[in-house]
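J.: Structure, please.
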Amino acid sequence: MDGVEEKHQTALEYLAMGFSVIPVKPGSKEPLVPWMEYQERYPTAEELDTWMEAWPQCNLGIITGRISGISVIDVDGEKGRDSIRGIVLPPTRVVKTPRGYHYYYQYNEGMRTVAGQLDGVDIRSDGGFVVAPPSSVNDLPYHVVRDNDIASFDPPRELIERRGAVTAEVAQRDDLPSMPRWIAQALQNGAPDGERNQTATKLVGYLHNRGIAPDIISGILRDFAARCSPPMDAAELDRTIESVTRYQTRAVETIISETARMEEVGDEIRFLWDSVGVKITVFRFKTTSDEIKAKTRVEVHQPGVPSIDNRMTLNWSSSQTRNGLAKSLGSRVDIDWSSILDQVHNSLWDKQGELEEVSYIKDHVRKRDNKYLLHPLVMDKLPTIIYGDGGVGKSLIALSLMIALETGENIAELKPRVVKRGLYLDYESGPETHGERMMLLAKSMGLDPDYLYCRHVRASAPLIDLVPQLKRIIDEEDIDFMVVDSAVPASGGDAMKHDGPELLYRGLFELDVSSLIIAHVTKDHARGKGESGIYGSAFWNNFSRNSWEVKQEREAGSSGIELGFYNTKNNYDRLQLPFGFRVNFGEDTIDIDPFALSESNTLSRGLPLKMRIVNTIEQSPDGRMSVAEIASELEMSDDKQIRTRLKEMLSSGQVVLMQDNGKNYYGKRSHIE
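T.: Prediction:
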């Protein structure tokens, strides 16, 4: 059954369950048909067939309230979860939405359709509808996470009391400009005969063009209609809402005299002109002595005007660029755009030389129980980068670390300190590749893959541009650890330029989660030539704080590989000792076991010289060697470093000096004893 057939079948099943179903615009929450009549009657199966044929990719909506026998609590994001934390919600049917959850309960006439009943909590009942599975908005799906029978619910006062007035909640929405006085008066007092329709039209236009859904508008204006003199008929109000939300007109030119209200959130600066519904957001600045470039978003939401949401990279210092943008925007909404854009430019220019407020360094110390989530590779709330030639197994190791943190199980001898949820941000492949690997790793670890919930998301834009979306995912999925595979596409820049690693690390620090970044080396470095380090670039090394190089040894025809891990930089701890893994690829398992680097001629070269000296002496036939013999075995033409280390090792008691026929030999103390 393909997606279209599945959606059609689901719509018929909803109808059989007693739900009044309507088609909704694909990827949206906007009904495709006048829907008020379906509060009073069910659509027929023939109507559903017609809709599905006309809009095969449509979303599905369910009318809430008496007709469908349901009242739905819409919990949105962290604010919503915080608001209902003290409310006991009986087990019932629950749908995961792009930003939160829908809790379906049997219809309760005390629950009214309202926005902001609590912070981040809306109610959908009479006069409302909800988008339903298998729909999606912004490519994020709706799906059932708890398929229980729909329970009855006696809601507490917090979910039914008016909280003063619904209008007050509307006025306090973050995405609304401050409420004009005429709106508050109209909502509180209604309108006299002869002005009801005109006032209702203005109210609907104002609310609709500020992102309020039609069903919420209906709930908000029910009281307005009742307060009109004489009261406005509910059907007449519904016709007005349908008409205004379906058609829009062009605004009259507005001259801008007010100064923008500014908000700074992270690296974003937001300029807001509340009276005309204009918002300009700028971020990711690149400034020189005569140029200011920044990512820019221009939004306009006005009554009766098609909304604008333009995104671009803009050179704010260019008057020609600003004039061109003003002309383009002015063709759509008649506002004094030149004044608006000049205000933004002047503010950005002034901010170039601003310093942040002085603070005490001691106030910025991170409170940590431990530096590591999984020693020594995953640090707490900090990024680690592992780099090496392509095909050495970096992605496999990253996935195994995610499984270890998800389950608390060891990987070889590495033990997670805590259990954390992970997200794999993937620029390189897809979930199928990792899914197969996860099955094989899980089997070797004795885990049931059905209970592994490692998250995966495919990405193509630079990480810095995805920060708002990633913050939402991190919040909704309770993510504490993220793999970034791999560094260059995530940075969105040239590997050899400074802005790539700078923007990647800035984005990671904004996300404030532990992270593991996968990176590569140049082909010349992989062959033992050329610049060393990450991509052979000094910039990656400079921005890195905890770096591990991964090297591989593999024999032709072997079913396994040996990996060496070498800590090349650590700004938060001493450099950690190298360690190794042996990865064995079986028919239905992937086993990762500890591996002693001293067993490999190739990988042992990355060990500290003292360790190599000890290993060389231990492997000698009689447990002792001269300086010349050690240098020869280690393939070092200059023995000065060896003599220096041996002197230090003598002082610490790691080795002892022996003489035989006037010749000096060095051996391990344990061998002599």
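
J.: C-alpha from now on. contacts and neighbour counts both.
T.: Fine.

J.: distance of the residue nearest the centre of the chain from Asp512?
T.: The residue at the geometric middle of the chain, judged as the C-alpha nearest the mean C-alpha position with C-alpha atoms, centre = their mean, is Leu470 (1.1 Å). Computed with C-alpha to C-alpha, to the nearest Å, the distance linking Leu470 and Asp512 is 11 Å.

J.: residue contacts, the residue nearest to the centre of the chain?
T.: Neighbouring residues of Leu470 by C-alpha atoms under 8 Å, 6 or more residues apart in numbering: Leu511.

J.: What helix or strand is it located in?
T.: Here Leu470 sits within helix 463-477, counting by DSSP states H and E.

J.: Which secondary structure elements does the following helix or strand past that helix sit against?
T.: Note on helix 463-477: by DSSP H and E, the next helix or strand toward the C-terminus is strand 481-485. Contact here means 3 or more C-alpha pairs under 8 Å, 6 or more residues apart in numbering; DSSP states H and E; on that basis strand 481-485 packs against helix 394-407, strand 422-426, strand 514-520.

J.: if we can go back for a sec, list the buried residues in the helix holding Leu470.
T.: Across helix 463-477, burial judged by 16 or more other C-alpha atoms under 10 Å covers 463-465, 467, 470-474, 476.

J.: can you give me the angle that helix makes with strand 422-426?
T.: For helix 463-477 against strand 422-426, the angle by axes from the mean of the first three to the mean of the last three C-alpha atoms, to 10 degrees is 150 degrees.

J.: same question for helix 463-477, mean pLDDT?
T.: Along helix 463-477, the predicted local confidence has a mean pLDDT of 89.

J.: Residue ranges in the stretch 301-450 of the chain under the pLDDT threshold?
T.: Across the stretch 301-450 of the chain, residues meeting the criterion (pLDDT under 70) sit at 302-305, 352-356, 364-369.

J.: for it, what spans make up the strands?
T.: Using DSSP state E, counting those that start in this stretch, the strands assigned to the stretch 301-450 of the chain run over residues 308-315, 372-374, 378-379, 383-388, 422-426.

J.: The ones you listed: which one's closest to Ala556?
T.: Distance to Ala556, taken as C-alpha to C-alpha, is lowest for strand 383-388 among these, at 19.8 Å.

J.: quick revisit: okay, the strands of the stretch 301-450 of the chain in TSV with mean neighbour count and distance to Val344 next?
T.: Rendered in TSV, the data for the strands of the stretch 301-450 of the chain read as follows (neighbours: other C-alpha atoms under 10 Å; distance: least, C-alpha to C-alpha, whole Å):
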stretch	mean neighbour count	distance to Val344
strand 308-315	15	12
strand 372-374	20	43
strand 378-379	22	40
strand 383-388	25	34
strand 422-426	24	34
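
J.: and the ones you listed as a markdown table, adding distance to Val627?
T.: As requested, those are arranged in a markdown table below (distance: least, C-alpha to C-alpha, whole Å):
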| stretch | distance to Val627 |
| --- | --- |
| strand 308-315 | 63 |
| strand 372-374 | 39 |
| strand 378-379 | 39 |
| strand 383-388 | 33 |
| strand 422-426 | 49 |
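
J.: Any chance of TSV for the helices and strands packed on strand 481-485, columns distance to Pro578?
T.: Listed next are the helices and strands packed on strand 481-485 as TSV, based on distance: least, C-alpha to C-alpha, whole Å:
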stretch	distance to Pro578
helix 394-407	16
strand 422-426	25
strand 514-520	18
